[in-house]
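# Starting from these lines, generate the structure:
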Amino acid sequence: MRVTQAGFYNQGTKQMAEQQSKVFETQAQLSSGKKLLRPSDDPALAASLNNLKSQITVNQRYLTNLGRVGDTLKMQEVSVSGAVGIVSSITELSVQGANGTYSAADRKNIAIELKGLISSLVDLGNMRDTNGAFLFSGYSQDQVPFVESASGVVSYTGTPDYQQVMVDEGRSMNIGMPGSDVFGSVQHLDTTTGVSSSIELFATLELMHQAFLDNDIDAIKDNLDKVSSVHEHLVVQQSAIGSRMNRVETLTNVTEDRDYTYKILQSSMEDLDYVEAASRLKNQSLALQAGQQTFAQLSGLSLFKYIN
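Predicted structure coming up:
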């Protein structure tokens, strides 16, 4: 086939432009550190990457929610642990006050101490989280959950509901516990009659306080078992919170492992192999240089140079 001078120039220019484009492409990859510079470079890979990034985003949201649940439970655990300690002190004081050797003045002093302990218990029930929301108010996070009247009656003004967040695909988890579960009704078994009944935590403690004020030894003794039931109830709630904290920790570890796997996969799909790319750039540059030199040499050839 006869090759014209114009055809030679056009073909040579096209080949060098294509080779130069490959060099520029590799240089751009090295600058960005990514295999794909645009989705059109590999539509199938680009689609897989977009899907993976969506999964990473969702997984990060799960981790955020788990952190929120864990933080709330940790703060509630601190509160309930303090409550267990307070009721232990109330129990000890009640046992002491039931001793017949104590005078009315002694019991009045104990009553003052009990009142302070009950108020401290109310304060623990009204703890806030780091964002200023009440820990035990259920859905009413801006509402003080426990209000103590001048007569010593403590009322719960929050809701009995559990807030929930998604922590995995198709799995939700409660955020903390409402105050009605922790500081509300307590199951009490009367060891004398064998009858189980529901008593109110703060009302029971207030009855003990009033018994000391009245110097009523019989009432003090009658309420000792109920105060013990309050203590047992709080210990159970403390254990329940601890169990849920363990579940959150386990699920967090699983979710973090998944996040790590996703990111390793993302890196393998989109991150550039610098050694391979640098070697490719060197070969492409040499090929471009050789092509340019060859084109220059061939374009300088002419039959007239050899005619005398």
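# Contacts made by stretch 68-88 with the rest, please.
Contact with stretch 68-88 is made by 117, 120-121, 124-125, 127, 129-130, 135-136, 165, 167, 173-177, 182-183, 205, 227, 230-231, 234-235, 237-238, 241-242, 244-245, 248-249, 252, as judged by C-beta atoms under 8 Å, 6 or more residues apart in numbering. C-betas here are computed from N, CA, C, even on glycine.
# How far away from the center of its chain is it?
Taking the mean of its C-alpha atoms, stretch 68-88 sits 18 Å from the chain's own mean (C-alpha atoms, centre = their mean, to the nearest Å).
# quick one: buried residues of that stretch?
Of all the residues in stretch 68-88, those buried under the rule 16 or more other C-beta atoms under 10 Å are 68-73, 75-77, 79-84, 86-87.
# And the strands in the stretch 101-250 of the chain?
Applying DSSP state E, counting those that start in this stretch to the stretch 101-250 of the chain gives strands spanning 146-148, 154-156, 163-168, 171-175, 185-189, 196-200.
# Now mean pLDDT and mean neighbour count too, for the ones you listed, in a markdown table please.
Shown next, in a markdown table, are the strands of the stretch 101-250 of the chain (pLDDT from 0 to 100; neighbours: other C-beta atoms under 10 Å):
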| stretch | mean pLDDT | mean neighbour count |
| --- | --- | --- |
| strand 146-148 | 92 | 18 |
| strand 154-156 | 93 | 17 |
| strand 163-168 | 88 | 16 |
| strand 171-175 | 88 | 16 |
| strand 185-189 | 93 | 16 |
| strand 196-200 | 94 | 13 |
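# and of those, who's closest to A98?
strand 185-189 (17.9 Å; C-beta to C-beta).
# Let me know the angle separating the closest one from strand 196-200.
Here strand 185-189 points in a direction 140 degrees away from that of strand 196-200 (axes from the mean of the first three to the mean of the last three C-alpha atoms, to 10 degrees).
# Bridged to L189, which residues?
With DSSP bridges applied, L189 shows beta-bridge pairing to S196.
# want to try CSV for the strands of the stretch 101-250 of the chain, with distance to Q60 as columns?
Shown next, in CSV, are the strands of the stretch 101-250 of the chain (distance: least, C-beta to C-beta, whole Å):
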stretch, distance to Q60
strand 146-148, 36
strand 154-156, 36
strand 163-168, 12
strand 171-175, 16
strand 185-189, 39
strand 196-200, 43
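# Can you tell me which of these is nearest to N51?
strand 163-168 (18.3 Å).
# list the helices and strands the closest one packs on?
When contacts are defined as 3 or more C-beta pairs under 8 Å, 6 or more residues apart in numbering; DSSP states H and E, strand 163-168 packs onto helix 43-97, strand 171-175, helix 217-270.
# Pairing partners for that strand, with directions?
Partner strands and pairing direction for strand 163-168 (DSSP bridges) are strand 171-175 (antiparallel).
# can I assume F212 is in contact with A104?
No. Counting by C-beta atoms under 8 Å, A104 is not a contact partner of F212; they are 9.6 Å apart.
# Model confidence for the closest residue to P178 other than its chain neighbours, exactly?
Nearest non-adjacent residue to P178, counting by C-beta to C-beta, 6 or more residues apart in numbering: G138, 4.0 Å away. At G138, the model reports a pLDDT of 87.
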